[in-house]
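In: give me coordinates for this.
(chains A and B)
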Amino acid sequence: MDLSHIFNSKKILRASFYAVLFSLFSFSANSQEHAAADTAHEPATAEHGEVAEKDEDISQMILHHIADSHEWHFFGNVSIPLPVILLTDKGLVTFLSNKFGHNDHGTEIIDAAGTQLVNYHGKFYYPSKVKSADGTYISHDGKGELLNGKPLDVSMTKNVVSLLISAIVLLIVFIGIANSYKKREGKAPKGLQSILEPVILFVRDDIAKPQLGHKYTGFMPYLLTIFFFVWLNNLMGLVPFFPGGANLSGNIAVTMMLALCTFVLTTFNGNKNYWGHVFTPHVPWWLYPLIIPVEIIGLFTKPIALMIRLFANITAGHILVLSLISLIFILKSVFVAGVAIPFVLFISVIELVVGFIQAFIFTILSALFISMAIEEKHAEH
Amino acid sequence: MILLALNPLVSPDPGLFIWSTVTFLILFFLLSKFAWKPIVKALDERERSIEDALSKAEMAKAEMAKLISENEDLLKEARLERDSILKEAKEIKDQIVNDAKDLAKSEGAKLIEKAKIEITNQKLAAMAEIKNQVSSLSIEIAEKVLRKQFEDQGKQQALVNDLLKEVKLN
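Out: Numbering: from 1, shown residues only, chains lettered A, B, ... in the order given. Model (predicted):
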């Protein structure tokens, strides 16, 4: 499979340069986070017990902020409770998340419609029969794995609400634009239409057409949906307060879903040539045992790379911003804000760009994978 | 996969996965049907109409250029024709003038010829007249001489001879 044409376009080169740059950023952010986590897991000795506890607080805080939640926290004690929907072994259980208080340490068994549950770090488990030594109804094995079973949690979490908000925003905006195209047929674009038209044209002329050639029309709806969905959610994730603040496009379940969509599209659109590449590659027959497994692995690494890339970039940006703000609390000086806040501003501006670039990269790679699947036989083979 | 399972961040949550899949698919179908289809169609149509307009303008331009060049050709032709007509006229004029000159010349020559003949005739007539005059004069002279002869025969004879000689000299 010839990928050299990816590097032909200057724009893509530039974009990949940024991508590399930001993956470096994200790497450093991840390592920071790991460093913080490592110190947190160290046994707290008497000398630096307080510091370690502080570090743990902060890494907990950061993880808490980028993780999903059963309530939408505004400030202080103000938060919106969100509905919890559990498919337990005794049937469907629903309640508002604040019904049983905010105890998420697993020390309290709640009784929701006859089902015994325990809330441990924001997730619902079936309680253990006996209380553990640390006072929770959660039991661990030797490696720190939880032994408790858990019901299927299909709650309207913060991320789900954010997902619905973004879907509604996209529907309102783009159906509105479609209507103004109908209303102002043959006229110059106006308002929101003229803001987003260049972006739509960008998706068409710089993503779909170069990758897919004349067959681009059929895939335009998918590419446009995925581009605007990822972009909007990246941007909403950067807004620190409602309706933003949910780390939706930095959640691996969402990126997995998006990557899976692209995978399904490539798999179902794959033509004879594509599958021929996989099962009868153009190599001597005795290399088949080596090449065919590699090709089959290649089918799956592409969507996995898509999933990890978006997740890691967006999550890393959030961790970076939160880490910089946490510096103020780690160093226990308000004057650190003088350094930290400009840095946060700088990173936030970069994240605005990253939000766009990641949407662009996700879309262009999806288009590229689809184009590989529908590519006709090449003369070069 | 074991590595992925370690961190809660990288273990996909099935609930969110289900929600996002359902929402995304609904969003995809709604947007495809009510947004992307009309938008892409409108954009294509607009582009096509712009292209049409441009190509039409190009065609009009070409037509114009063609017309202009045709006009120029026509003008050139007209100019050439005018020139040729003028040239022809000049030639005709020259011809006429030359013809007239020739005619005049020949006419003049004829006139001169006639005049010469006339002159010769007149001269001859004059000569004849003069001769007559001379003869009458000579007769008068002869008369006078005769009269004188009546006085002097010899002298008269000599005179008559002299006069006659003179006449012959003339």
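In: contact partners for A:Leu258?
Out: Residues in contact with A:Leu258 (Cβ atoms under 8 Å, 6 or more residues apart in numbering or on different chains) are A:226, A:229-230, A:306-307, A:310, A:362, B:24. In short, each C-beta sits where N, CA and C put it, glycine included.
In: scratch that, A:Pro243
Out: With Cβ under 8 Å, 6+ apart, A:Pro243 has these contacts: A:162, A:165, A:236.
In: picking up where we left off before, I'd like to know which of the contacts of A:Leu258 is nearest to B:Ile139.
Out: The closest of those to B:Ile139 turns out to be A:Ile226 (Cβ to Cβ; 155.7 Å).
In: what's the residue lying closest to the closest one once chain neighbours are set aside in contact with, if anything?
Out: Counting by Cβ to Cβ, 6 or more residues apart in numbering or on different chains, A:Thr363 is the residue found nearest to A:Ile226 once chain neighbours are left out, at 5.6 Å. Going by Cβ under 8 Å, 6+ apart, A:Thr363 touches A:203, A:207, A:223, A:226-227, A:230.
In: for chain A, which segments count as strands?
Out: Assigned by DSSP state E, chain A shows strands spanning A:71-75, A:78-81, A:83-88, A:91-96, A:105-112, A:115-120, A:123-125, A:152-153.
In: residue boundaries of the helices in the chain?
Out: Just so you know, I chose chain A. A:10-41, A:49-66, A:158-183, A:192-202, A:209-212, A:220-238, A:252-269, A:272-279, A:288-330, A:337-374 (DSSP state H).
In: meant chain B actually
Out: Counting by DSSP H, the helices of chain B are B:2-6, B:14-31, B:37-149, B:153-169.
In: the second one packs against which elements?
Out: Going back to what we said before, that points to helix B:14-31. In terms of contacts (3 or more Cβ pairs under 8 Å, 6 or more residues apart in numbering or on different chains; DSSP states H and E), helix B:14-31 is packed against strand A:152-153, helix A:158-183, helix A:220-238, helix A:252-269.
In: can you tell me how far the residue nearest the centre of chain A is from A:Phe74?
Out: In chain A, the centroid-proximal residue (Cα atoms, centre = their mean) is A:Gly250; its distance is 2.6 Å. According to Cβ to Cβ, to the nearest Å, A:Gly250 stands 20 Å off from A:Phe74.
In: turn the contacts of A:Leu258 into JSON lines, columns for pLDDT, distance to B:Glu107 and neighbour count.
Out: What follows is the contacts of A:Leu258, written out as JSON lines (pLDDT from 0 to 100; distance: Cβ to Cβ, whole Å; neighbours: other Cβ atoms under 10 Å in any protein chain shown):
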{"residue": "A:Ile226", "pLDDT": "94", "distance to B:Glu107": "110", "neighbour count": "22"}
{"residue": "A:Phe229", "pLDDT": "95", "distance to B:Glu107": "113", "neighbour count": "27"}
{"residue": "A:Val230", "pLDDT": "95", "distance to B:Glu107": "112", "neighbour count": "27"}
{"residue": "A:Leu306", "pLDDT": "93", "distance to B:Glu107": "115", "neighbour count": "23"}
{"residue": "A:Met307", "pLDDT": "93", "distance to B:Glu107": "120", "neighbour count": "24"}
{"residue": "A:Leu310", "pLDDT": "93", "distance to B:Glu107": "117", "neighbour count": "27"}
{"residue": "A:Phe362", "pLDDT": "95", "distance to B:Glu107": "111", "neighbour count": "27"}
{"residue": "B:Phe24", "pLDDT": "93", "distance to B:Glu107": "117", "neighbour count": "20"}
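In: closest one of those to A:Leu87?
Out: A:Leu87 lies nearest to B:Phe24 out of the contacts of A:Leu258, by Cβ to Cβ, at 20.9 Å.
In: my guess is that closest one meets A:Phe229, correct?
Out: Yes: counting by Cβ atoms under 8 Å, B:Phe24 touches A:Phe229, with 6.8 Å between them.
In: overlap in contacts, these two.
Out: The contact sets of B:Phe24 and A:Phe229 overlap at A:167, A:258 (Cβ under 8 Å, 6+ apart).
In: run through the residues of the stretch 101-250 of chain A sitting next to chain B.
Out: Residues of the stretch 101-250 of chain A lying close to chain B by Cβ under 8 Å from any Cβ of the partner chain are A:121, A:152-157, A:159-160, A:163-164, A:167, A:170-171, A:174-175, A:177-178, A:181-182, A:185-186, A:197, A:200-201, A:204, A:217, A:220-222, A:224-225, A:229.
In: now with 6 Å, please.
Out: Contact residues, the stretch 101-250 of chain A versus chain B (Cβ under 6 Å from any Cβ of the partner chain): A:153-155, A:159-160, A:163, A:167, A:171, A:174-175, A:178, A:181, A:220-221, A:224-225.
In: now, which of the residues you listed sits nearest B:Leu86?
Out: Comparing those against B:Leu86 with Cβ to Cβ picks out A:Tyr181 as the nearest, at 66.8 Å.
In: what sits against the closest one?
Out: B:38-39, B:42 (Cβ atoms under 6 Å, 6 or more residues apart in numbering or on different chains).
In: restrict the residues you listed to contacts with chain A.
Out: B:38-39, B:42.
In: that older thread, which one of the helices and strands packed on helix B:14-31 is the most hemmed in?
Out: helix A:220-238 (a mean of 23; mean count of other Cβ atoms under 10 Å in any protein chain shown).
In: and that one, how far out from the chain middle?
Out: 12 Å (Cα atoms, centre = their mean, to the nearest Å).
In: repeat that for stretch A:104-120.
Out: Counting by Cα atoms, centre = their mean, stretch A:104-120 is centred 29 Å from the centre of its parent chain.
In: one more: stretch B:17-37?
Out: 81 Å.
In: in that stretch, what's buried?
Out: B:17-21, B:23-24, B:27-28, B:30-32, B:35-36 (16 or more other Cβ atoms under 10 Å in any protein chain shown).
In: next one: stretch A:244-252
Out: Quick answer for stretch A:244-252 (16+ other Cβ under 10 Å): A:244-252.
In: how much space separates A:Gly250 from A:Ala312?
Out: Separation of A:Gly250 from A:Ala312 (Cβ to Cβ): 8 Å.
In: ok, A:Ala167 - contacts?
Out: B:23, B:27.
In: near chain A, which residues of chain B show up?
Out: By the rule Cβ under 6 Å from any Cβ, the part of chain B lying against chain A is B:10, B:12-13, B:15-21, B:23, B:27-28, B:30-32, B:34-36, B:38-40, B:42.
In: run the last query once more with 8 Å
Out: Residues of chain B lying close to chain A by Cβ under 8 Å from any Cβ are B:8-21, B:23-24, B:26-28, B:30-32, B:34-40, B:42-43, B:45-46, B:49.
In: before we move on, the earlier item: could you dump the ones next to chain A among the contacts of A:Tyr181 to a markdown table with neighbour count and pLDDT?
Out: As requested, these are exported to a markdown table (neighbours: other Cβ atoms under 10 Å in any protein chain shown; pLDDT from 0 to 100):
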| residue | neighbour count | pLDDT |
| --- | --- | --- |
| B:Pro38 | 18 | 90 |
| B:Ile39 | 26 | 90 |
| B:Ala42 | 21 | 88 |
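In: out of those, the closest to B:Ser136 would be?
Out: Using Cβ to Cβ, these come closest to B:Ser136 at B:Ala42, 134.8 Å.
In: quick check: that closest one vs A:Glu185, distance?
Out: 7 Å.
In: then B:Ile117?
Out: Separation of B:Ile117 from A:Glu185 (Cβ to Cβ): 107 Å.
In: what of B:Pro38?
Out: In terms of Cβ to Cβ, B:Pro38 sits 10 Å off from A:Glu185.
In: equivalent analysis for A:Ile314, please.
Out: Distance from A:Ile314 to A:Glu185, counting by Cβ to Cβ: 38 Å.
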